[in-house]
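Student: 3D, please:
(one chain, ligands or ions: 2)
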Amino acid sequence: MADIKDNKQKKGPRLQSWLYIILFIGFGYILFFSKEDGSGLTGKASYTDFRNYMERGYVSRLVVYPNLGVMDMYIKPDSVKYVFPDVSYTQPFSKPMLTVGVGSLDNLQEFIDMSQEAGTFSGDVEYEKKSHTMMEILISILPFALLILFWILMTRHINGGSGAPGGGVFSVGKSKAKVYEKGSSDRVTFKDVAGQAEAKTEVEEIVEFLKNPKKYTDLGGKIPKGALLVGPPGTGKTLLAKAVAGEADVPFFSLSGSDFVEMFVGVGASRVRDLFRQAKEKAPCIIFIDEIDAVGRARGKNPAMGGNDERENTLNQLLTEMDGFGTNSGVIILAATNRVDILDKALLRAGRFDRQIHLDLPDLNERKAVFGVHLRNIKLSKDVDVDLLARQTPGFSGADIANVCNEAALIAARHNKKKVEKDDFLSAVDRIVGGLEKKTKVLTADEKRTIALHEAGHATLSWFLEYANPLIKVTIVPRGRALGAAWYLPEERQITTKEQMLDEMCATLGGRAAEELFTGHISTGAMNDLERVTKQAYGMIAYAGMSDRLANLCYYSSTDEYAFQKPYSDKTAELIDEEVKKLINEQYERGKKILLEHEEGHHRLAQLLIEREVIMAEDVERIFGKRPWASRSEEILEDGKKSSEPASVVENHDKVEP
Ligand code: ADP
Ligand code: ZN
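Tutor: Ligands and ions are numbered 1, 2, ... in the order given. You can find the predicted model right below:
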């Protein structure tokens with residue numbers, strides 16, 4: 001990998017410290033030389049003074065420099081007190097001297113002759129040729145040199161601060177792309193990308209074109225110039241783009257949209273130009289722009305902000321470059337984003353990023369495959385079951401899974417194990433989901449009871465609500481900022497019905513409901529629950545059109561048009577508020593009713609939690625009996641028995657807010 005940035009930065013600091021040293025010495029010189037001689041016995045005098053001193057007989061000797069138009073006038077030691085009245089003359093060996101400008105040499109000579117005749121001057125007169133010494137030249141240009149140096153250092157600093165490569169002012173406009181040369185050692189191929197079968201088929205054509213452009217151009221076909229990889233973070237967009245380059249064995253330029261955004265005007269645009277220039281030199285190749293929304297956000301949609309001109313310039317330059325190169329020049333641009341909706345429409349037009357390739361969070365089988373990829377280099381003990389791991393990580397992205405594998409290896413190493421065991425993976429999953437266990441966080445008995453009642457409330461309700469997600473385990477072990485948590489296995493579903501949402505909401509409110517019913521007071525422990533419920537209720541009413549009084553109305557805009565004004569009247573706003581309150585209240589009352597019906601079981605559950613801190617679905621089943629709608633929870637129970645480990649999905653964290 002040829003990393004332009006790193007190379008330059010290595011050279012940077014050393015050069016910089018040299019510059020500082022020079023600067024320092026320079027200032028020293030100026031201070032030293034610009035000062036008068038310490039004794040005060042040198043200086044300048046006017047021609048009138050000179051004639052005066054000559055007439056009074058103070059002068060001992062004259063040295064004339066005709067080419068410079070000056071002369072040095074040396075003063076007799078016993079006359080120093082008249083010429084330099086402020087200075088007590090204590091150094092007989094230093095020569096008191098004044099420099100005098102000379103107008104006409106003839107006049108000077110005449111005057112000297114006169115003085116000699118008059119007897120006021122009897123010293124020598126020397127004529128010397130003297131040019132400016134090196135030092136004088138240096139001193140005269142030094143201030144300018146220092147200014148220039150200073151400026152360079154300043155601009156370097158500014159660049160350095162924003163992460164620009166070295167080279168100072170002269171390279172701000174250079175692109176900061178990382179270049180992966182072809183045939184480099186860390187080549188990524190489709191083998192390294194697990195799952196994402198559809199996305200892979202889509203990009204295969206691009207690989208094919210890069211490998212064998214003639215096949216397409218001969219038929220007069222045009223290959224897309226760019227494709228947009230769309231998906232949540234960590235789903236492997238960068239990885240896939242790299243794999244395309246790796247498969248086709250072409251160079252890969254990688255940079256992030258935010259690299260273009262710089263404080264200097266015009267820098268972004270010039271970086272874009274530079275990037276495309278470099279890429280064209282290396283064609284066929286791939287340019288990958290991560291987070292393209294940083295530059296590609298829709299232009300000037302937002303009158304209140306006045307628009308960001310610099311970003312718009314950059315975007316315009318990008319569009320120009322994309323239009324500027326021929327379809328068959330062999331440069332293909334891949335860009336990643338997780339929000340296509342906010343991109344400028346001009347970017348998505350034909351001939352630009354007209355293809356969108358969607359990457360989703362992996363499902364069960366894909367997760368298994370991702371584990372497969374990342375477990376290749378890990379020494380596994382026999383008890384590790386990839387199937388189980390995949391089942392316990394719903395909602396995880398590829399990057400999360402990579403993280404789990406790495407974390408598991410670290411945990412195993414910390415315990416000096418020779419191989420990574422199942423427990424290490426489970427701890428890694430827990431840790432990534434919920435942060436570290438806080439063994440040191442001390443709870444008072446009262447707090448512990450409140451948290452247990454709260455968590456038991458969630459557990460009880462989700463047990464008796466048909467559509468609530470099946471429970472896996474409940475804990476009151478503090479972890480990260482959470483005091484307790486109930487873990488569920490969420491169904492991986494594409495659409496959600498109103499009944500499902502209501503049941504979920506009710507279960508989420510179960511914590512607060514249990515607190516109110518059984519401790520007699522409510523606490524901040526439910527804040528996180530309430531936040532989620534409120535958001536969900538607003539979503540149901542204002543966006544999903546799920547209330548009777550605002551049926552089938554959606555005030556959501558997928559294109560952000562409503563960012564600064566609401567698309568509804570104040571009256572409707574009031575109505576929305578009322579409906580939200582009503583909805584949440586209904587579910588809260590419903591939750592309280594169910595809790596009261598199962599009060600005895602709830603209390604046993606809470607007691608068990610206080611004793612054991614962690615309880616499983618089986619324990620809940622022992623108390624309440626089989627779950628009435630237990631298709632999927634049976635599965636969990638069986639898995640649970642088989643593995644005696646819970647699947648780990650946090651659905652409900654009860655955080656304490658600061
Ligand atoms: P994105 O660009 O979508 O945010 P990345 O491509 O940077 O995500 O993914 C980060 C890391 O996650 C990758 O380096 C890889 O280790 C892992 N990863 C993500 N998706 C996959 C996948 N489908 N197969 C294998 N590893 C993956
Ligand atoms: Zn809660």
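
Student: which non-adjacent residue is nearest the residue of the stretch 51-200 of the chain found nearest ligand 2?
Tutor: Distance from ligand 2 to each residue of the stretch 51-200 of the chain (CB to the ion) is smallest for G195, at 33.3 Å. Yep, even glycine has a C-beta here, placed from its N, CA and C like the rest. Spatial nearest neighbour of G195, chain neighbours left out: E366 (3.0 Å); criterion: CB to CB, 6 or more residues apart in numbering.

Student: name the SS class of the residue of the stretch 51-200 of the chain closest to ligand 2, please.
Tutor: For G195, the assignment made with DSSP: H, G, I helix; E, B strand; the rest coil gives coil.

Student: contacts only, for it.
Tutor: Contacts were defined as CB atoms under 8 Å, 6 or more residues apart in numbering; by that measure G195 touches P362, D363, N365, E366, R367, A369, V370, G398.

Student: helix or strand for the closest residue to ligand 2 within the stretch 501-650 of the chain, just tell me which one.
Tutor: Relative to ligand 2, the nearest point of the stretch 501-650 of the chain is G511 (3.1 Å; CB to the ion). Per DSSP states H and E: G511 is located in helix 498-518.

Student: dump the residue contacts of I332.
Tutor: Per CB under 8 Å, 6+ apart, neighbours of I332: I206, F209, L210, I223, P224, K225, G226, A227, P284, C285, I286, I287.

Student: distance to ligand 1 added to those residues, as CSV?
Tutor: Below are the contacts of I332 laid out as CSV (distance: CB to the nearest ligand atom, whole Å):
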residue, distance to ligand 1
I206, 17
F209, 22
L210, 19
I223, 23
P224, 20
K225, 21
G226, 16
A227, 14
P284, 22
C285, 19
I286, 14
I287, 15
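
Student: mind putting those into JSON lines with secondary structure and neighbour count?
Tutor: Shown next, in JSON lines, are the contacts of I332 (DSSP: H, G, I helix; E, B strand; the rest coil; neighbours: other CB atoms under 10 Å):
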{"residue": "I206", "secondary structure": "helix", "neighbour count": "23"}
{"residue": "F209", "secondary structure": "helix", "neighbour count": "21"}
{"residue": "L210", "secondary structure": "helix", "neighbour count": "22"}
{"residue": "I223", "secondary structure": "coil", "neighbour count": "16"}
{"residue": "P224", "secondary structure": "coil", "neighbour count": "17"}
{"residue": "K225", "secondary structure": "coil", "neighbour count": "21"}
{"residue": "G226", "secondary structure": "strand", "neighbour count": "21"}
{"residue": "A227", "secondary structure": "strand", "neighbour count": "22"}
{"residue": "P284", "secondary structure": "coil", "neighbour count": "20"}
{"residue": "C285", "secondary structure": "strand", "neighbour count": "23"}
{"residue": "I286", "secondary structure": "strand", "neighbour count": "27"}
{"residue": "I287", "secondary structure": "strand", "neighbour count": "25"}
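
Student: flag the least confident of the residues you listed.
Tutor: Among the contacts of I332, I223 carries the weakest pLDDT, at 70.

Student: quick one, the host helix or strand of K535 and helix 498-518 angle?
Tutor: Using DSSP H and E, K535 sits in helix 527-538. Orientation note: helix 527-538 sits at an angle of 150 degrees relative to helix 498-518 (axes from the mean of the first three to the mean of the last three CA atoms, to 10 degrees).

Student: and helix 527-538, what does it pack against?
Tutor: Counting contacts by 3 or more CB pairs under 8 Å, 6 or more residues apart in numbering; DSSP states H and E, helix 527-538 packs against helix 498-518, helix 570-597, strand 650-655.

Student: next one: it to chain centre, how far?
Tutor: Centroid displacement of helix 527-538 relative to its chain, using CA atoms, centre = their mean, to the nearest Å, is 29 Å.
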